[in-house]
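Novice: let's see this in three dimensions:
(one chain, ligands or ions: 1)
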Amino acid sequence: LVTPPEPCSDAHPAWLPLEAWRAVGARHTVVYGQGLLVDTVFAEIERACAGHGGAVARGIGEPAGHPAQLMFALVKSLPPGDDLGRMAYAELAAPGESLGSEGFVVARPGEVTVVLADAPAGLLYGLFEVVRLGEAAFGPAYPVRVHRPALGRRMLDHWDNVDVHPVMGQVERGYAGGSIFWRDGRPRRDRARLRAYARLLAACGVNAVSVNNVNVHATEARLLTERLDEVAEIADELRAYAIRVHLSVTFAAPVILAGLPTADPLDDRVRAWWAETTRRVYDRIPDFGGYLVKADSEGQPGPFSYGRDHADGANLLAEALAPHGGVVHWRAFVYNHRQDWRDRSTDRARAAFDHFAPLDGRFLDTVIVQVKHGPIDFQAREPVSPVIAAMPGTRLAVEFQVTQEYTGQQRHVCYLAPWWSEVLQFRPWGDDGRSVAEVAADLVAVSNVGDDRFWTGHPLAQANLYAFGRLAWDPGLSPETVLDEWIDLTFDPASSAGPALLRSTLHEIMDDSWRSYERYTAPLGVGFMVRPGHHYGPDVDGYEYTPWGTYHFADRDGVGVDRTRATGTGFTGQYPSPWAEVYESLDNCPDELLLFFHHVPYGHVLHSGSTVIQHIYDTHFAGVREVEAMARRWQRLAGLVGDDVYARVDELLGEQLRCAREWRDQVNAYFHRKSGVPDAHGRPLH
Ligand code: BDP
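Specialist: Next up, the predicted model:
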């Protein structure tokens with residue numbers, strides 16, 4: 001039987017403290033069904049009962065002397081005489097309709113709360129739904145509520161290195177300490193942590209994890225072969241929570257690992273090597289998820305070296321994986337990172353589309369092309385990538401960045417759900433067309449987790465991880481609702497001295513925090529202006545004269561990147577109608593993306609009525625004021641959240657405020673000096 005993780009002594013319980021289980025753990029529960037995940041459900045409830053006084057029984061019987069108040073059952077395991085389960089099932093809109101491999105129903109036909117699923121994973125997700133509902137699951141009778149995930153694969157990519165990389169550290173772009181998987185070149189083997197992690201992920205709906213960095217260095221390449229056992233050990237821990245393990249592999253593996261003279265995707269020896277290597281992976285990890293590949297990007301090897309394209313490369317791996325049910329996530333993050341900054345015709349925003357759109361239709365259906373949600377690189381504001389609308393014949397994954405590389409590095413409060421929600425709801429073909437969430441096959445995010453005591457460095461950054469899973473399960477959830485769920489689970493307002501104050505204060509601090517971050521950093525979608533290398537804090541011209549393709553083109557007259565067809569790089573033409581026209585038009589382009597698409601004079605008047613230059617000043621003053629307010633509001637929570645959480649957030653808010661002021665002063669001084677335009681309100685611009 002599965003043992004649920006013991007509370008990790010060195011890790012915060014995040015959104016699953018024992019209190020979150022009170023409603024479930026105080027009940028009498030019966031669980032019908034067999035299989036590893038049903039064992040997990042049983043074991044979790046058993047532990048909750050140990051903490052809260054209820055009882056749980058397996059199979060047909062009922063807990064001694066008490067009728068069950070909560071029932072979990074696989075539909076096929078319902079005992080013939082079980083009227084409640086049958087009643088709940090019969091209430092389904094179309095009884096007999098499959099709930100799928102992960103779906104479930106929750107109903108309360110009378111005095112018993114019933115969770116039914118066709119497959120064990122459904123029961124597991126149903127359990128966490130009941131935990132989320134808390135006492136509300138046990139109130140007056142309610143009819144069947146059907147839950148099915150909108151996206152089939154909800155995946156986190158860890159950018160973890162086995163070795164500590166000299167520049168990037170152990171977790172590339174990690175702001176939460178070391179890896180939970182490896183330490184000092186060796187597996188950490190912290191089973192309690194891994195289990196605790198797996199249940200946190202399952203509780204928000206994540207079902208796949210890629211365990212190592214997309215930049216695959218020499219040591220990490222060996223995870224595919226001689227160090228495969230280390231991956232298998234992780235898979236063994238995550239499996240009990242319905243999480244499949246994936247691996248980043250290097251395209252050069254046949255050369256690096258097997259000494260073949262080539263990694264050419266059309267070479268028979270190369271194909272045979274991948275087929276055989278992959279067969280071994282599945283011998284060891286039968287439910288292995290597949291490979292993740294960053295190829296021909298930022299120095300990673302790829303098919304270009306052999307005169308082949310990305311379809312040739314991806315299909316090679318897909319063929320090796322397909323017989324075993326695996327997939328390859330092939331990243332579309334491909335661009336020239338050695339471009340000549342003097343050449344204004346090269347546009348990094350165009351690159352993914354230029355490389356991939358022409359290949360539509362050539363990828364096998366076990367290839368999933370993984371597209372960053374914006375055309376550049378996880379900035380605080382970007383339009384939706386046009387690639388998402390350009391490949392109708394290809395399965396696509398949309399990639400978010402939960403790790404806050406460009407959004408405050410888990411030192412700043414920046415609740416990202418409002419933005420992800422905007423992206424997921426965006427309709428590339430206009431109001432009548434499908435949304436991004438409807439186009440995507442998978443939703444993927446770069447993890448923000450490390451071995452930090454709070455998992456995510458900033459305790460409030462846990463909310464981003466939680467929200468990612470929930471939005472991948474149900475993109476229609478509002479960011480405020482998701483935040484409420486997270487607050488209720490994490491802080492247990494029901495038992496605290498000031499539940500209403502706790503909830504309202506966290507909303508005041510977090511709901512708009514992404515927009516505050518946007519206000520005090522690079523203006524109007526222009527992006528970057530960060531310190532080169534580590535990307536924390538302002539450096540207005542840090543990337544301006546470099547080969548990375550991330551420019552703002554500010555001069556004495558104006559600022560912004562002309563990406564129009566009429567006079568610029570033509571990037572707007574990569575969008576379908578109506579967005580191609582909207583973005584092309586200076587009049588219609590949304591303010592928040594103006595400088596992403598247009599180069600304009602400082603006096604250009606926005607829809608808001610303000611000029612570009614005055615908007616820059618105003619938003620930078622406002623952004624800092626908002627952070628000051630956050631810091632003041634947080635002080636109300638002393639005594640209402642754990643002392644450790646209080647102290648960590650308090651300290652980080654101090655840093656956020658320092659950094660926000662630095663941003664304000666650099667950006668305002670810079671644009672003041674470039675433009676010579678004073679602030680309309682006479683404030684000092686430095
Ligand atoms: C960039 C990061 C870099 C990653 C790259 C990627 O700065 O560390 O390797 O994305 O997504 O944002 O591959």
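Novice: pull the residues that contact the stretch of helix or strand residue 465 belongs to.
Specialist: Secondary structure assigned from DSSP states H and E places residue 465 in helix 462-473. Helix 462-473 is touched from outside by 12, 14-15, 149-151, 154, 156, 200-201, 203-206, 400, 402, 404, 414-417, 420-421, 424, 443, 445, 447-449, 454-456, 477, 479, 482-483, 485-486, 490, 510, with contacts defined as C-beta atoms under 8 Å, 6 or more residues apart in numbering. Every residue, glycine included, has its C-beta placed from N, CA and C.
Novice: with stretch 583-595 instead?
Specialist: For stretch 583-595, using C-beta under 8 Å, 6+ apart, the contacting residues are 381-383, 518, 523-526, 552, 559-561, 563-566, 572-573, 575, 581-582, 597-598, 600, 604, 606-608, 612, 615.
Novice: buried residues in that stretch?
Specialist: Judged by neighbour count (16 or more other C-beta atoms under 10 Å), stretch 583-595 contains these buried residues: 583-584, 589, 592-595.
Novice: of the contacts of stretch 583-595, grab the buried ones for PyMOL.
Specialist: Buried residues among these (16+ other C-beta under 10 Å), as a PyMOL selection:
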select buried, resi 381+382+383+518+523+524+525+526+552+559+560+561+563+564+572+573+575+582+597+598+600+604+606+612+615
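Novice: could you count how many residues lie near whichever residue of the stretch 301-450 of the chain sits closest to the ligand?
Specialist: When scored by C-beta to the nearest ligand atom, the stretch 301-450 of the chain has residue 377 as its residue closest to the ligand, at 4.6 Å. Applying other C-beta atoms under 10 Å, we find 20 residues neighbouring residue 377.
Novice: returning to what we had before: mind putting the buried residues of stretch 583-595 into a markdown table with distance to the ligand and pLDDT?
Specialist: Putting the buried residues of stretch 583-595 into a markdown table (distance: C-beta to the nearest ligand atom, whole Å; pLDDT from 0 to 100) gives the following:
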| residue | distance to the ligand | pLDDT |
| --- | --- | --- |
| 583 | 23 | 98 |
| 584 | 27 | 98 |
| 589 | 25 | 98 |
| 592 | 21 | 98 |
| 593 | 19 | 98 |
| 594 | 23 | 98 |
| 595 | 20 | 98 |
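Novice: how about those, which pair is most distant?
Specialist: 584 and 592 (16.6 Å; C-beta to C-beta).
Novice: how about the nearest residue to the residue in the stretch 551-686 of the chain that the ligand sits nearest to, chain neighbours excluded?
Specialist: Residue of the stretch 551-686 of the chain nearest the ligand, by C-beta to the nearest ligand atom: residue 551 (16.3 Å). Distance criterion C-beta to C-beta, 6 or more residues apart in numbering; nearest residue to residue 551, sequence neighbours excluded, is residue 544 at 5.8 Å.
Novice: show me the shaky parts of this protein.
Specialist: 1-9, 60-66, 81-84, 87-88, 90-96, 493-498 (pLDDT under 70).
Novice: who in it is up against the ligand?
Specialist: 172-173, 214-215, 294, 298, 333, 377-378, 405 (C-beta under 6 Å from any ligand atom).
Novice: if we use 8 Å, what do you get?
Specialist: Counting by C-beta under 8 Å from any ligand atom, the positions of the chain adjacent to the ligand are 159, 168, 172-173, 213-215, 294, 297-298, 331, 333, 372, 377-378, 399, 401, 405-406, 446, 535.
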